[in-house]
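Peer 1: Attaching a predicted model along with its sequence, questions to come.
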Amino acid sequence: MTRPSTTFEGLHEWLRSAREEAAVQVDHDNRTVQLFGYPEVYTALTETGDFSSDLNELAPRSTQGDVFAEGNFINLDPPRHDRLRGLVSRAFTPKVIAGLQPRITEVTDGLLAAAGTEFDVVDALAYPLPVIVIAELLGIPTDDRPLFRKWADTLLSQQAGDFSQEQLERTRAQVEPTMRELNEYLLGHIRARRAAPVDDLTSQLTAAEADGRALTDGEIIGFAGLLLIAGHITTTALLGNSIQIMNEHPEIAGQLRADRELIPQAVEEFLRYRSPFPMVGRRTTRELSIGGVSIPQDYMVLPWLASANRDASHFDAPDTVDIHRKPNKHLSFGKGIHFCIGAPLARLEAKVALNRLFDHYQHIDVVGGEFFDAKTMVAAKQLAVQARPR
């Protein structure tokens, strides 16, 4: 089949065509299978015995990637996934997240005060807000956020959709220097906290134990790197996407300004309509059947979250933005044991930021933008706006 377009509109045109062709499509030459229907994607996310998150056997190995992988529980299976995720989840309890709201509000107001009336939403708010919050949790200097953005952009800008061994080798070579820089940065921070602990998440991890043993530096690097990179990017994408959707549908912005109680459910619809991460990766652990299609063992499985979120068999009028949609069981944060650990924080940051944008400005117009390759990530790199202050 053809490859998806790099634009948001082109991606969804391709996904719509793919769903109409078949919910499950297998490429035996590249040992990959793509899932486009909601039931099939849901199954791949939740049946962890059949669909592994550990893709090491399918991709070229790298020294720096192996270090990061030690604690990156997104790519681990039970029981190790459960033990390691359990340690980090203590920092993301509902009580802890709710306690962050005053600081999120303070940071948002400070960023908007500095933004003026003509600014890049990504540079001024959508990127720094979640990075400052997660860096403060980890005890990492927030002034280093240009570094974090450079690393994230490099890791998220790799070519998607081509899983030939040659492309995987090229990708490994391209990201290895960035992974080394990220790992060395985090290792220095971890060693400093081991020598002189303070009240932050990194210090807590240096003192934590799993299975009766202390965590290794590599495990903490994986934890911290995951939170630092993936922990901010969903909120960054969500805020930019929300502003784009409201610019395209001014009536929605009007409804939300008039009734702020609608903002949480609008955020869920924005997540469904413009899913930040369009797909994830899994590996078949055995020969199995999904959607009536037989798939061999050790095939790369690509569940398209963005496609599942537009499946007409699960959502009424799926191509329409409906902030009153209930229920809205989108899969943008995943499902099952790998459900995004930072989802409550991303939702809170989006709720606070949208409220404060409405408080600061009467109207916001998008006047230009630059975007990621949509098949890798649905997000703005830059989003220029003109805002009318209150």
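Peer 2: Cool, got the structure.
Peer 1: how close does residue 269 get to residue 238?
Peer 2: Separation of residue 269 from residue 238 (Cβ to Cβ, to the nearest Å): 11 Å. Where C-beta positions appear, they are placed from N, C-alpha and C, glycine not excepted.
Peer 1: From residue 301, how far out is the closest residue to residue 152 other than its chain neighbours?
Peer 2: Nearest residue to residue 152, sequence neighbours excluded (Cβ to Cβ, 6 or more residues apart in numbering): residue 229, at 5.0 Å. For residue 229, the distance to residue 301 equals 23 Å [Cβ to Cβ].
Peer 1: which one of those two has more residues nearby?
Peer 2: When neighbours are counted by other Cβ atoms under 10 Å, residue 301 comes out ahead of the other of residue 229 and residue 301, with 27 against 20.
Peer 1: Any idea what the more buried one is bridged to?
Peer 2: Partner residues in beta bridges with residue 301, using DSSP bridges, are residue 33, residue 282.
Peer 1: Tell me who's in contact with it.
Peer 2: By Cβ atoms under 8 Å, 6 or more residues apart in numbering, the contact set of residue 301 is 32, 33, 35, 44, 51, 281, 282, 283, 284, 295.
Peer 1: can you count the residues close to the nearest residue to residue 285 once chain neighbours are set aside?
Peer 2: Leaving aside its sequence neighbours, residue 285 sits nearest to residue 52 (Cβ to Cβ, 6+ apart; 5.1 Å). The tally of other residues near residue 52 (other Cβ under 10 Å) stands at 21.
Peer 1: Repeat that for residue 196.
Peer 2: Look at residue 196: counted by other Cβ under 10 Å, it has 8 neighbours.
Peer 1: phi, psi of it?
Peer 2: Main-chain dihedrals, residue 196, degrees, to the nearest 10: phi -150, psi 80.
Peer 1: Which one's more surrounded, residue 269 and residue 238?
Peer 2: residue 238 (27 against 22).
Peer 1: State the distance from that one to residue 35.
Peer 2: Between residue 238 and residue 35 the computed distance is 23 Å (Cβ to Cβ).
Peer 1: How about residue 390?
Peer 2: 46 Å.
Peer 1: the more surrounded of these two?
Peer 2: When neighbours are counted by other Cβ under 10 Å, residue 390 and residue 35 differ, and residue 35 comes out ahead with 30 against 9.
Peer 1: And for the residue nearest to that one when sequence neighbours are not counted, the neighbour number?
Peer 2: Once flanking residues are discounted, residue 35 sits nearest to residue 303: 4.6 Å by Cβ to Cβ, 6+ apart. Close neighbours of residue 303, defined as other Cβ under 10 Å, add up to 25.
Peer 1: Residue 56 in helix, strand or coil?
Peer 2: What DSSP: H, G, I helix; E, B strand; the rest coil gives for residue 56 is coil.
Peer 1: What is the neighbour count of it?
Peer 2: 13.
Peer 1: residues contacting it?
Peer 2: So residue 56 contacts 69, 75 (Cβ under 8 Å, 6+ apart).
Peer 1: per-residue confidence for it?
Peer 2: Looking at residue 56, its pLDDT is 78.
Peer 1: Please apply the same query to the one 5 residues further on.
Peer 2: Listed pLDDT for residue 61 reads 57.
Peer 1: One more: the one 4 residues further on?
Peer 2: pLDDT for residue 65: 63.
Peer 1: Could you do residue 346 as well?
Peer 2: For residue 346, the pLDDT comes out at 95.
Peer 1: Kindly indicate which of the contacts of residue 301 lies nearest residue 274.
Peer 2: Using Cβ to Cβ, residue 35 is the member of the contacts of residue 301 that lies nearest residue 274, at 19.7 Å.
Peer 1: in the stretch 1-150 of the chain, which ranges drop under the pLDDT threshold?
Peer 2: Flagging of the stretch 1-150 of the chain using pLDDT under 70 yields the residue ranges 1-4, 59-67.
Peer 1: which residues touch the most centrally placed residue in the chain?
Peer 2: A centroid search over the chain (Cα atoms, centre = their mean) returns residue 234, at 4.1 Å, as the residue closest to the centre. The contact partners of residue 234, by Cβ under 8 Å, 6+ apart, come to 130, 276, 277, 333, 340, 342, 343, 346.
Peer 1: let's go with 7 Å and repeat that
Peer 2: 276, 340, 342, 346 (Cβ atoms under 7 Å, 6 or more residues apart in numbering).
Peer 1: ok, and the closest non-adjacent residue to the third one?
Peer 2: The spatially closest residue to residue 342, leaving aside those adjacent along the chain, is residue 231, at 5.0 Å (Cβ to Cβ, 6+ apart).
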